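In: Model the structure of this input:
(one chain, ligands or ions: 1)
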Amino acid sequence: MEEREISRAVIGRLPRYYRYLGELLDAGVERISSNDLSKKMSVTASQIRQDLNNFGGFGQQGYGYNVKYLYTEIGKILGLNREHNMIIIGAGNLGQALANYASFEKSGFHLKGLFDVNPRLEGVSIRGIPVRMMDDLKTFLKHNDIEIAALTIPKSKAIEVADILVASGIKAIWNFAHTDLNLPEDVIVESVHLSDSLMKLSYNISRYNEEHGK
Ligand SMILES: NC(=O)c1ccc[n+]([C@@H]2O[C@H](COP(=O)([O-])OP(=O)(O)OC[C@H]3O[C@@H](n4cnc5c(N)ncnc54)[C@H](O)[C@@H]3O)[C@@H](O)[C@H]2O)c1
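Out: Sure, this is the predicted structure:
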């Protein structure tokens, strides 16, 4: 496939296409028109055509899209055709919830370790993965090929711990701590703020109430 610069907005929509196409595949659907996909996803058909044309037009006029091909190609763009090993730093409420969510494995994200500073968590196992102490982190990273670290620790510790991770060779951080990490350019950071999503929900509730005179 031809390499092109794809806008961040389009990239941001790809996981959703990937999810829907995966469901269609599971349901045995081989082809889908942009109109049908549009109805399913509540996105305009022209948006779908525009987005998917970025990748050299997977669709054929009159035939619709080949679901498996599109799913595979979007998966490749999202890097899901490779396995990713990850660790979680901070085995508290959120860290344990992430560790318990087995579905990440289906997309090729393999949880290899959980780390914390709380000695009471040492030896606790989540889905067979023991919580290790931070003192063991450097040695663990030396002997295991880990690409991603999820940071689910208090904000006050995030910068210090991110620096340790980077010094130990981690190249990607999935940051849940509510703080910006100022890391070298070759370290990829994706920050997640569930509260942003909740605020969007709140905005939509207010808008709905206004429109309906409530
Ligand atoms: N981004 C989001 O959407 C979102 C949602 C919920 C929570 N959070 C954030 O995630 C973090 C964790 O939340 P939680 O509810 O799981 O808290 P928690 O207190 O249950 O867990 C935090 C864990 O981090 C450990 N820890 C503290 N310092 C550490 C260090 N230096 N190295 C390793 N582990 C360390 C603690 O011992 C504890 O087990 C907080 O910063 C919280 O604000 C973010």
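In: need the residues of the chain near the ligand, please.
Out: Within the chain, the positions adjacent to the ligand are 89-95, 115-118, 134, 152-155, 157, 161, 176-178, 192-195 by Cβ under 6 Å from any ligand atom. (Each C-beta comes from the backbone N, C-alpha and C, glycine too.)
In: Now that we have the residues you listed, which of them are buried?
Out: Burial of the residues of the chain next to the ligand was assessed by neighbour count (16 or more other Cβ atoms under 10 Å); the buried members are 89-91, 94-95, 115-116, 134, 152-153, 157, 161, 176-177, 192.
In: Mind telling me the two of these farthest from one another?
Out: 134 and 192 (21.8 Å; Cβ to Cβ).
In: Please identify the buried residues of stretch 38-47?
Out: Buried positions in stretch 38-47, judged by neighbour count with 16+ other Cβ under 10 Å: 38, 41, 43.
In: Out of these, which comes closest to residue 49?
Out: The closest of these, once distances to residue 49 are taken by Cβ to Cβ, is residue 38, at 9.0 Å.
In: doesn't residue 51 make contact with the closest one?
Out: No - using Cβ atoms under 8 Å, residue 38 makes no contact with residue 51, being 11.0 Å away.
In: Would you enumerate the residues in contact with residue 91?
Out: Residue 91 makes contact with 99, 114, 115, 116, 118, 121, 124, 126, 131, 152, according to Cβ atoms under 8 Å, 6 or more residues apart in numbering.
In: Which of these fall within strands?
Out: Counting by DSSP state E, the part of the contacts of residue 91 found in strands is 114, 115, 116, 126, 131.
In: and the two most separated of those?
Out: Among the ones in strands among the contacts of residue 91, 115 and 126 lie farthest apart (Cβ to Cβ), at 12.0 Å.
In: Now do the strands in the chain.
Out: Taking DSSP E as the criterion, the chain carries its strands at 31-32, 59-60, 64-66, 84-89, 109-116, 125-126, 129-133, 148-151, 172-175, 188-191.
In: The contacts of residue 91 into CSV, with extra columns for distance to residue 165 and pLDDT?
Out: As requested, these are exported to CSV (distance: Cβ to Cβ, whole Å; pLDDT from 0 to 100):
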residue, distance to residue 165, pLDDT
99, 17, 97
114, 14, 98
115, 10, 98
116, 14, 98
118, 18, 98
121, 19, 97
124, 22, 95
126, 20, 96
131, 17, 98
152, 13, 98
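In: what's the residue of the chain found nearest the ligand sitting at in phi/psi?
Out: Taking Cβ to the nearest ligand atom as the measure, the point where the chain comes nearest the ligand is residue 92, at 1.7 Å. Note on residue 92: its backbone torsions stand at phi -90, psi -150 [degrees, to the nearest 10].
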